[in-house]
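S.K.: Have a look at this prediction, sequence included:
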Amino acid sequence: LMLLGEALSTDGHSVGGGSAAAPDGHSVGDGASAVPSSIGDNASPRSINQPNTNDETPPAKSNRPADVALKQQRMKSWQPVLDPKWVISCYLLIGLIFIPTGIVIRIKSENLIEQRMKSWQPVLDPKWVISCYLLIGLIFIPPVNDYHIIVPQKYYVNNYCFNPSPILDPIHLPIDPSIYFIGIVIRIKSENLIELKKVYDSHLKDSMPVDVTGCEIGDNPNKMWIDGGQTLNAEGNTCEIKMQVPFDKGDMQPPVLVHYEMMNFYQNYRKYITSYDQYQLLGKLAQDQGLNEQGVCQPLSKIGDVYINPCGLIANTLFNDIIKLVSIVGPDGEVIPNAPMVETGIAWESDLKYKYRQPDGFKSQQCESCNCDCSETDGEGKRKWSCNTPYIDEDGNCWRYYYPFDESTQYLYETYPMLINPIEGVTNEHFVVWMRAAALPHFRKLYGYIEQTIPAGSVLTFTVMANYAVERLQGSKALVVSNNYIFGGKNHWLGTLFIAVGSIAAILGVFFLCKDKFAPRRLGDKMYLKYKEE
């Protein structure tokens, strides 16, 4: 068909050399058109598949990028002409920057202290391994009976000198196990600690017995505070707890620690432990915070239109039982003087210094007398102090104070007036101790300490204003008085752990010793080992 189209495109030329009769009466020969009559001389050639229309043919598709600067890579660039001025200026600028910088870096580098020491890397052959295991076993567990070693008497005089005496009878020389044996020492030290504990309110499922009656408040928080007319000195609003130091364990050496113990209280619950605002504890006011910052304390950020400062679950579930040491009566029946319970110095110093501050704008002033007035105003008629009456501390001093936005904010001293005073606020150490959440549901927190030796047989008398309800959480509260040592309080598991590790090490050491003695493994010569030299 394409050949036919090319033949039809010629003007009046015949297909062949002779003439022949066509079916429609036309001749096909010299001078005769080879096309049918319907196709004239002026007809344009078309292919069979091309439509028979007079429209123009559409342009062919192409993969050529558009004719724009970005696609044709005609973007303008900056190419400076490196004439002498440009070159000189650049070199001078680089020298001006790099020379002082290099001098500073060199000085800083010279001030650094670098020390190179040869390291010791033993080859762990059987002798080393066996020796290490046996040594660990020797240190962690006691290898002697009753902490005595047998020494011939002829070599022992006055604990120090050695006398070549002809007496051959051996004697038992007592030794101090704290010098040599870790595990048994920890166990003995822990067992020798004195710990006095009284449970004064319990609602556990396993029904832990209560050691003291009269301190239960059920599901009524702040019961004794309310029943006592909201004062700390009202009669009948406290319960009494007595503890006696045992006679067989000696005196309690200072510091004697006073803890409160909680059971079945999950401070490690994720929603609880993250419910606090660190910026608010550092003094930022709730009125200056956005909604996102206040959201970390939900649902305890506001009560109606009143802001809570500090907000959150931890701060607003503070343990607020009031514990007071009334007296310490010695075994002779005489009251030990000058033995108060100190309630300062119980929090971490770093917490008090870096994590807790009074709200921005807070101020306080000690009055010369308790007749000072809190209604004093400034030149603009605004009150200079937010207090209604001056605060009187334990020493009888009176204080005036100012909290910003006091009308629309409930501060910590207003939430816990029985425990927190307005001068300390969030820097109160009982609050700081509580804010350091416990990892386990059974925990103790330090309430105070006694800086006086308590003789054996003494009786300690405490009063407790019970305000913290534990019925709903099915928990318990207890008062614990104890002393401690270098590894903390009474805990026999730590010493047991050392003894267990030492026993395992000793067994392995004996096993490897027998293996090396009866079925040794041939080793290479260590003389061929080469260490990398500098």
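M.R.: Structure's in. What do you need? For clarity, every value in this text was computed on a predicted model and none was experimentally measured.

S.K.: Please list all residues in contact with the closest residue to Ile314 other than its chain neighbours.
M.R.: Distances taken as Cβ to Cβ, 6 or more residues apart in numbering put Tyr276 closest to Ile314, at 5.0 Å, once the chain neighbours are dropped. Placement of C-beta: from N, CA and C, glycine included. The contact partners of Tyr276, taken as Cβ atoms under 8 Å, 6 or more residues apart in numbering, are Val296, Cys297, Pro310, Cys311, Gly312, Leu313, Ile314, Ala315, Met435.

S.K.: now do Met75
M.R.: By Cβ under 8 Å, 6+ apart, the contact set of Met75 is Ala69.

S.K.: how about the residue nearest to Ile314, secondary structure?
M.R.: The three-state assignment at Tyr276 reads coil, by DSSP: H, G, I helix; E, B strand; the rest coil.

S.K.: next one: the one 4 residues further on
M.R.: Each residue gets one of three states, and Gln280 gets helix by three-state DSSP.

S.K.: what do you get for Leu460?
M.R.: strand.

S.K.: Just to check, it is in contact with Met243?
M.R.: Yes. Leu460 lies in contact with Met243 (Cβ atoms under 8 Å); the separation is 4.8 Å.

S.K.: which residue ranges form the strands in the stretch 51-200 of the chain?
M.R.: 148-152, 170-174, 195-202 (DSSP state E, counting those that start in this stretch).

S.K.: The stretch 251-400 of the chain now?
M.R.: Counting by DSSP E, counting those that start in this stretch, the strands of the stretch 251-400 of the chain are 256-263, 302-303, 306-309, 322-329, 341-342, 363-366, 391-392, 398-402.

S.K.: Out of the contacts of Tyr276, which sit inside helices?
M.R.: Using DSSP state H, the members of these that fall within helices are Met435.

S.K.: Redo the contacts of Tyr276 as CSV? Include distance to Lys249 and neighbour count.
M.R.: Formatted as CSV, these follow (distance: Cβ to Cβ, whole Å; neighbours: other Cβ atoms under 10 Å):
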residue, distance to Lys249, neighbour count
Val296, 48, 17
Cys297, 47, 26
Pro310, 42, 25
Cys311, 46, 26
Gly312, 43, 23
Leu313, 41, 18
Ile314, 37, 21
Ala315, 39, 24
Met435, 35, 20
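
S.K.: Least confident of the contacts of Tyr276?
M.R.: Across the contacts of Tyr276, the bottom pLDDT score, 81, is held by Val296.

S.K.: Pretty sure it sits against Thr274.
M.R.: Yes. Val296 lies in contact with Thr274 (Cβ under 8 Å); the separation is 7.0 Å.

S.K.: just for the stretch 251-400 of the chain, where's the confidence low?
M.R.: 289-295 (pLDDT under 70).

S.K.: In contact with Lys223, which residues are there?
M.R.: Contacts for Lys223 (Cβ under 8 Å, 6+ apart) come out as Ile217, Ala466, Asn467, Ala469.

S.K.: ignore the last one, Gln244
M.R.: Taking Cβ under 8 Å, 6+ apart as the test, what Gln244 contacts is Leu196, Gly457, Ser458, Val459, Leu460.

S.K.: Closest one to Pro441 out of the contacts of Lys223, please.
M.R.: If you rank the contacts of Lys223 by distance to Pro441 using Cβ to Cβ, Ala469 comes first, at 17.0 Å.

S.K.: burial of the closest one, as a residue count?
M.R.: Burial of Ala469, expressed as a neighbour count using other Cβ atoms under 10 Å, amounts to 19.

S.K.: now it: how far from Lys271?
M.R.: Distance, Ala469 to Lys271, by Cβ to Cβ, to the nearest Å: 21 Å.

S.K.: And Ala439, by the same measure?
M.R.: Taken as Cβ to Cβ, the span from Ala439 to Lys271 is 16 Å.

S.K.: And Trp120, by the same measure?
M.R.: Applying Cβ to Cβ, the value for Trp120 to Lys271 is 51 Å.

S.K.: How about Arg444?
M.R.: For Arg444 relative to Lys271 (Cβ to Cβ), the value is 23 Å.

S.K.: The two: which has the busier surroundings?
M.R.: Taking other Cβ under 10 Å, Arg444 and Lys271 do not tie; Arg444 has more neighbours (16 against 8).

S.K.: what is that one paired to in the beta sheet?
M.R.: Arg444 has these beta-bridge partners by DSSP bridges: Glu261.

S.K.: I'd guessed it sits against Leu479; true?
M.R.: No. Assessed by Cβ under 8 Å, Arg444 is found out of contact with Leu479, at 10.2 Å.

S.K.: Overlap in contacts, those two.
M.R.: Each of His259, Tyr260, Glu261 lies in contact with both Arg444 and Leu479 under the rule Cβ under 8 Å, 6+ apart.

S.K.: Of those, which is the nearest to Tyr485?
M.R.: Nearest to Tyr485 among those: His259, at 15.6 Å, using Cβ to Cβ.

S.K.: give the contact list for the closest one.
M.R.: By Cβ under 8 Å, 6+ apart, the contact list for His259 reads Arg444, Lys445, Leu446, Tyr447, Leu479, Val480, Val481, Ser482.

S.K.: Just the buried ones out of those, please.
M.R.: Taking 16 or more other Cβ atoms under 10 Å as the criterion, what is buried in the contacts of His259 is Arg444, Lys445, Leu446, Tyr447, Leu479, Val480, Val481, Ser482.

S.K.: want to try CSV for the residues you listed, with distance to Arg106, pLDDT and secondary structure as columns?
M.R.: Below are the buried ones among the contacts of His259 laid out as CSV (distance: Cβ to Cβ, whole Å; pLDDT from 0 to 100; DSSP: H, G, I helix; E, B strand; the rest coil):
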residue, distance to Arg106, pLDDT, secondary structure
Arg444, 56, 95, strand
Lys445, 54, 96, strand
Leu446, 52, 96, strand
Tyr447, 57, 97, strand
Leu479, 64, 96, strand
Val480, 61, 96, strand
Val481, 62, 96, strand
Ser482, 59, 95, strand
